[in-house]
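Participant: Turn this into a model:
(one chain, ligands or ions: 1)
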Amino acid sequence: MGGSINLGRVLGIPISINYSWILAFLLFTYLLGSQFGETYPRWSSLQQWGIAGITTVLFFLSVLAHELSHSVVAVRMGIPVRGITLFIFGGVSQLAQEARRPLTEFLVAVVGPLSSVVLALVFFVLHKLAPATSDSLVAVTFALFSINISLAAFNMLPGFPLDGGRVLRSAVWGVTGSYWRGTQVAARAGQGVGGLMVAGGVAWLFLGPDNGFQGAWMALVGWFLVSAATSTYRQERAREQFKSHRVSDVMRTSWQALPGEMLLSSPQVAQALSGLEDFLAVLVDGRVQGIVTRRGMARIPQADWGATPLSQVMLSLSDLPRIDAEEPVFNALERLETEKLDRLAILQGDLLLGILSRADLQRWLERGRGNQP
Ligand SMILES: [Zn+2]
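Facilitator: Next comes the predicted model:
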């Protein structure tokens with residue numbers, strides 16, 4: 001999602017802002033400022049734009065609170081959270097894995113809209129308490145009440161990737177017992193909700209009153225939902241394939257093997273690690289006993305390559321993270337992702353049977369093997 005600015009951690013969760021959010025910030029400040037200008041014609045332009053800016057910052061904090069609630073519940077349910085990113089259409093909590101039970105998914109999803117409702121209530125009470133003489137306070141609290149209520153309502157639309165879509169998925173999953181079935185229904189619903197928003201937004205743009213800006217925005221958000229739902233659908237279908245195939249169907253079983261006494265500077269080493277190859281096998285006493293990776297070589301200063309044999313930098317087979325050839329590919333993918341591994345080794349005793357990296361999985365999917373029903 002392009003570049004992001006890190007804002008540090010809140011409750012231990014890294015927070016970042018995508019550059020696209022800056023556009024959203026300017027846009028919302030502009031929209032709110034114009035609205036305040038109409039409602040309070042007596043405001044100076046400093047007050048008008050200042051209050052709009054403050055409201056937008058509080059809006060940003062409201063979205064952050066919404067996302068934090070997802071992340072905190074996820075962490076409590078045992079799902080690691082990589083971080084929260086705010087971008088032009090809102091925020092995303094990046095969970096390291098999907099929920100393993102429908103109830104977990106339901107709780108992680110529903111707490112977001114709930115916290116937006118609570119925030120809306122808080123701003124509503126503040127709005128009622130604000131002295132009538134303070135226009136600014138009345139305006140800010142009312143705007144934030146409306147924004148948070150809209151956030152809650154929008155997020156509860158029953159289509160993936162919205163929270164409502166996750167709730168729908170957890171329900172179908174809970175009833176049918178099939179995560180994949182739940183995902184299919186929720187992703188299709190997400191395409192439907194997004195499609196309706198695109199259609200509604202375009203109609204508003206051409207037929208609606210005032211400047212049609214909201215229509216264009218709605219169509220854009222709808223388009224974003226359609227594409228997110230579609231990519232989730234594809235991703236989950238791939239995962240489904242990963243569940244029905246075994247590691248032995250996907251692992252690499254051939255590689256370049258070179259003797260351990262060969263020096264890193266040797267042209268055969270450079271040749272073995274060229275192109276897509278990012279490791280080579282090392283033969284010691286005529287048997288593969290370890291591998292040398294491109295990354296491992298990069299750690300040795302190039303000036304020393306002429307005096308360093310492969311055996312000195314190899315990762316020995318017993319130190320490589322392993323997986324069983326009979327396990328579902330899905331488990332391999334999950335370990336590569338959560339443990340941030342480059343590759344897994346498949347061994348039988350001390351014999352190297354195969355190697356599986358993320359790139360191998362990607363190539364397998366692209367070759368279309370994963371597309372069999
Ligand atoms: Zn949410």
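
Participant: Just confirm L46 is within a helix.
Facilitator: Yes: counting by DSSP: H, G, I helix; E, B strand; the rest coil, L46 is part of a helix.

Participant: Distance of S244 relative to Q94?
Facilitator: 26 Å (Cβ to Cβ, to the nearest Å). All C-beta spots, glycine's among them, are computed from the backbone N, C-alpha and C.

Participant: out of the two, which sits in the more crowded spot?
Facilitator: Q94 (16 against 13; other Cβ atoms under 10 Å).

Participant: Only the buried residues of stretch 115-131, if you could.
Facilitator: By 16 or more other Cβ atoms under 10 Å, the buried positions in stretch 115-131 come out as 115-117, 119-120, 123-124, 126-127, 130.

Participant: and for stretch 107-120, what are the contacting residues?
Facilitator: 62, 65-67, 69-70, 73-74, 77, 79, 95, 99, 144-145, 148-149, 151-153, 155-156, 163-164, 166-167, 170 (Cβ atoms under 8 Å, 6 or more residues apart in numbering).

Participant: okay, now the domains of this protein?
Facilitator: With domains defined by automatic domain parsing, the chain comprises 4-244, 247-371.

Participant: E339 touches I323, doesn't it?
Facilitator: No: E339 lies out of contact with I323 (Cβ atoms under 8 Å); the separation is 10.9 Å.

Participant: more neighbours, these two?
Facilitator: When neighbours are counted by other Cβ under 10 Å, E339 and I323 differ, and I323 comes out ahead with 21 against 9.

Participant: Was I right to think the more buried one contacts I355?
Facilitator: No: contact criterion Cβ under 8 Å: I323 and I355 do not qualify, at 10.4 Å.

Participant: who touches both of those two?
Facilitator: 344-346.

Participant: Just the buried subset of those, written out for PyMOL, thanks.
Facilitator: In PyMOL, a selection of the buried entries from the shared contacts of I323 and I355 looks like this (16+ other Cβ under 10 Å):
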select buried, resi 344+345+346
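
Participant: Which of the shared contacts of I323 and I355 fall in strands?
Facilitator: 344-346 (DSSP state E).

Participant: out of the residues you listed, which touch the ion?
Facilitator: Contacts with the ion are made by none of these, judged by Cβ under 5 Å from the ion.

Participant: Show the overlap between the contacts of stretch 107-120 and what lies near the ion.
Facilitator: Applying Cβ under 5 Å from the ion to these, those adjacent to the ion are 155, 163.

Participant: you'd agree G78 is in a helix?
Facilitator: No: counting by three-state DSSP, G78 is not found in a helix; it is coil.

Participant: what residues does the stretch 101-250 of the chain put near the ion?
Facilitator: 112, 155, 163.

Participant: closest to the ion among those?
Facilitator: G112 (3.0 Å; Cβ to the ion).

Participant: Tell me how many other residues surround that closest one.
Facilitator: So G112, with other Cβ under 10 Å, has 28 neighbours.

Participant: Test for you: state the pLDDT assigned to it.
Facilitator: Per-residue confidence (pLDDT) for G112: 95.

Participant: and it, backbone torsions?
Facilitator: The phi/psi pair for G112 (degrees, to the nearest 10) reads phi -60, psi -60.

Participant: all helices of the protein, in order?
Facilitator: 20-39, 45-76, 102-129, 135-155, 163-176, 179-207, 213-244, 247-250, 267-272, 294-298, 310-313, 329-338, 358-366 (DSSP state H).

Participant: Return the most buried member of those.
Facilitator: Comparing the helices of the chain by mean neighbour count (mean count of other Cβ atoms under 10 Å), helix 163-176 comes out on top with a mean of 22.

Participant: what helices or strands is it leaning on?
Facilitator: Under the contact definition 3 or more Cβ pairs under 8 Å, 6 or more residues apart in numbering; DSSP states H and E, helix 163-176 sits against helix 102-129, helix 179-207.

Participant: give me that answer again for 10 Å
Facilitator: If you count contacts as 3 or more Cβ pairs under 10 Å, 6 or more residues apart in numbering; DSSP states H and E, helix 163-176 packs onto helix 45-76, helix 102-129, helix 135-155, helix 179-207, helix 213-244.

Participant: can you give me the angle that helix makes with helix 102-129?
Facilitator: 150 degrees (axes from the mean of the first three to the mean of the last three Cα atoms, to 10 degrees).

Participant: and helix 163-176, how far from the chain's centre?
Facilitator: How far helix 163-176 lies from its chain's middle: 19 Å, per Cα atoms, centre = their mean, to the nearest Å.

Participant: could you give the mean pLDDT of that helix?
Facilitator: Mean predicted lDDT for helix 163-176 stands at 94.

Participant: Then stretch 179-189?
Facilitator: For stretch 179-189, the per-residue pLDDT averages 92.
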